[in-house]
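In: Quick one: sequence and predicted model below, then my questions.
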Amino acid sequence: MIVVGLTGSIGMGKSTTAGLFAEEGAAVFDADAAVAELYGPGGAAVAPIAESFPGCADPETGVDRTALSAALQKDATLFERLEHIVHPLVARSRADFFARAKAEGCSIVVLDVPLLFETGQADQVDAVVVVSAPEAVQRQRVLARPGMTEAKLDAILARQTPDSEKRARADFVIDTGSGIEAARDQVRAVIAALKERDA
């Protein structure tokens, strides 16, 4: 199995690109979706978050992301505490995903991980694919999201590895600034290159 790490800053089109890989037959592990499951009612992260972040989680309704976000904004040191809870649980979900993909005979698996470089996971994959777009396109996409502001976007970007650095460290870059069909062609080219390299 070829393991691909797919990453990109907010608003670059990473989720759409992950969908394009899935359409081409790759098995895709979505870290954000795994976290959403862990945060949902009965999710494995709910009890430890409720204990560490009072008022931010409830067994019936799951994690209150708004309350948790507010707590993290008040004290940035709490991010580390949250990561100690969430990262091992996501790692367990990822291990289960790998086992299923292997059993199903998948040749390419894609790990859709927003913070691939920041969490040191780039060293654990066979190839890194960075999804990128011009900065103006990125800002336009993100600021169109409900509740998003310039200040929130700047705070998010400050915690992420800069796009220029991600592109420099990538094995492949997919530019989503020219529309979905252009991105689809790039995804197909990446898959062909990976299979050739692995042959």
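Out: That came through fine.
In: how about E80, what does it touch?
Out: Contacts here follow Cβ atoms under 8 Å, 6 or more residues apart in numbering; on that basis E80 touches nothing. Bear in mind the C-beta positions are built from the backbone N, C-alpha and C, glycine included.
In: how about the strands of the chain, start to end?
Out: Per DSSP state E, the chain carries strands over the ranges 2-7, 27-30, 57-58, 62-63, 108-112, 127-132, 172-175.
In: Can you name the residues bridging to the residue lying closest to L116 once chain neighbours are set aside?
Out: Distances taken as Cβ to Cβ, 6 or more residues apart in numbering put T7 closest to L116, at 3.7 Å, once the chain neighbours are dropped. T7 forms beta bridges with V130, as assigned by DSSP bridges.
In: Wait, T7 touches V131, no?
Out: Yes - T7 lies in contact with V131 (Cβ atoms under 8 Å); the separation is 7.2 Å.
In: quick one: D171 from G147, how far?
Out: 35 Å (Cβ to Cβ, to the nearest Å).
In: returning to what we had before: what's the overlap in contacts for T7 and V131?
Out: K14.
In: In terms of packing, which of D171 and G147 has more residues around it?
Out: D171 (17 against 6; other Cβ atoms under 10 Å).
In: need the helices for this protein, in chain order.
Out: Ranges of helices in the chain, per DSSP state H, are 14-23, 31-39, 46-52, 65-74, 78-103, 135-143, 150-159, 163-169, 180-198.
In: Counting by contacts, list what the last one packs against.
Out: Think helix 180-198. For helix 180-198, the packing partners by 3 or more Cβ pairs under 8 Å, 6 or more residues apart in numbering; DSSP states H and E come out as strand 2-7, helix 14-23, strand 108-112, strand 172-175.
In: Restricting to C-alpha, output it in CSV.
Out: Coordinates of the C-alpha atoms in helix 180-198 are reproduced here as CSV (Å, rounded to 0.1, in the frame of the first residue of the first chain):
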residue,chain,number,x,y,z
ILE,A,180,-12.1,21.3,-10.1
GLU,A,181,-11.4,19.7,-13.5
ALA,A,182,-7.8,21.0,-13.5
ALA,A,183,-7.5,19.7,-9.9
ARG,A,184,-8.9,16.3,-11.0
ASP,A,185,-6.3,16.0,-13.8
GLN,A,186,-3.5,16.8,-11.3
VAL,A,187,-4.8,14.1,-8.9
ARG,A,188,-4.8,11.5,-11.7
ALA,A,189,-1.2,12.6,-12.6
VAL,A,190,-0.1,12.1,-9.0
ILE,A,191,-1.7,8.7,-8.8
ALA,A,192,0.0,7.6,-12.0
ALA,A,193,3.3,8.9,-10.8
LEU,A,194,3.0,7.1,-7.5
LYS,A,195,2.1,3.8,-9.1
GLU,A,196,5.0,4.1,-11.5
ARG,A,197,7.4,4.9,-8.6
ASP,A,198,6.1,1.9,-6.7
